[in-house]
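Asks: mind folding the following:
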Amino acid sequence: MVWSAWDTAWADGLAVAQDYAAVHGHLVPPTNALWGGDGTAIGVWLKNQRAAARKTRENAERRAAGETGISAAGELSESRMEALDAIDPAWCPGWGIDWQRGFHLTLQYLRSAGVLPSRAGEVIVQGEDLGAWTIAQRIGWDKLTPAQQWMLDSVLGLEPAAVGELQPVRKTHADRWATHLTAARQFHAREGHLRVPRKHVEEIAGEDGEAVGLRLGGWLDNTRRRADKLSAERRTELDELGMRW
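Replies: Numbers count the residues shown, from 1 in each chain. Predicted coordinates for the structure are as follows:
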């Protein structure tokens, strides 16, 4: 008996969330993430749950301050928050989920490899360039909250960049290739193929932590035109993503 379609939909979303976390090790997927046999928009679902959780906390603070007449509409119940906390305590961080996902994946890599990635394009996990992420944290240290700085320092062993240590340098052809390959891998990890529309722009995290839009579709078309000039290694890198020559 389905007593409440609303409750059933939430329970279905929670089940997909549990399955996603079991595979990926976290509950902070990109907003555009789809998961499950029916392609549930788990990224959007979790975004909505985080918005509700934050509203619940904000309203609780307002009530504690003595404010009255605050509507509970749109809040997330304590039992639902506990259910999500049980899957991943960091599912609703006080900062962007992109940062939280980068931190979690970098920590997983550190535990398995014993070292942190230090160069952009060196390590790509679940579509995230962990080397670029660690560089961005060191450069943008002063823009982070004290809690984020503590996590980077105490958990990952990162420290802020010294003056002039990580200043941007002129990108070489190899650097540009690595950046676009990162975008291609990210697209493939999300979509499951590399059939990129000609005008598609793929956003990846830049070295300063800000999103950078790359004309991935145009780059792939140009790469096809000069396929005979590519090294065997670069052809193999794209072949692994299902590149259609």
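
Asks: run through who's touching the lowest-mean-pLDDT helix or strand in the chain.
Replies: Lowest by mean pLDDT, DSSP states H and E among the helices and strands of the chain is strand 211-214, with a mean of 78. The contact list for strand 211-214 (Cβ atoms under 8 Å, 6 or more residues apart in numbering) reads Thr179, His180, Ala183, Val201, Glu202, Glu203, Ile204, Ala205, Gly206. Every residue, glycine included, has its C-beta placed from N, CA and C.

Asks: same question, stretch 94-111
Replies: Stretch 94-111 is contacted from outside by 25-26, 28-31, 50, 90, 93, 116-117, 123, 125-126, 128, 130, 133-134, 145, 147-148, 151-152, 155-156, 205, 209, using Cβ under 8 Å, 6+ apart.

Asks: that one: how far from the chain's middle?
Replies: 8 Å (Cα atoms, centre = their mean, to the nearest Å).

Asks: of the contacts of strand 211-214, which is the nearest to Thr8?
Replies: Glu203 (34.5 Å; Cβ to Cβ).

Asks: what ranges do the helices span in the chain?
Replies: 5-24, 42-64, 78-87, 97-113, 130-139, 146-150, 173-191, 216-225, 232-239 (DSSP state H).

Asks: want to throw those into TSV with mean pLDDT and distance to Ala72?
Replies: Converted to TSV, the helices of the chain look like this (pLDDT from 0 to 100; distance: least, Cβ to Cβ, whole Å):
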stretch	mean pLDDT	distance to Ala72
helix 5-24	89	15
helix 42-64	92	7
helix 78-87	94	12
helix 97-113	91	25
helix 130-139	90	38
helix 146-150	93	28
helix 173-191	86	36
helix 216-225	88	44
helix 232-239	87	52
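
Asks: packed most tightly, which of those helices would that be?
Replies: Of all the helices of the chain, helix 130-139 has the most neighbours on average by mean count of other Cβ atoms under 10 Å, namely a mean of 23.

Asks: list the residues that contact the closest residue to Ala33 other than its chain neighbours.
Replies: Leaving aside its chain neighbours, Ala33 sits nearest to Gly43 (3.7 Å; criterion: Cβ to Cβ, 6 or more residues apart in numbering). Residues near Gly43 by Cβ under 8 Å, 6+ apart: Pro29, Pro30, Thr31, Asn32, Ala33, Leu34.
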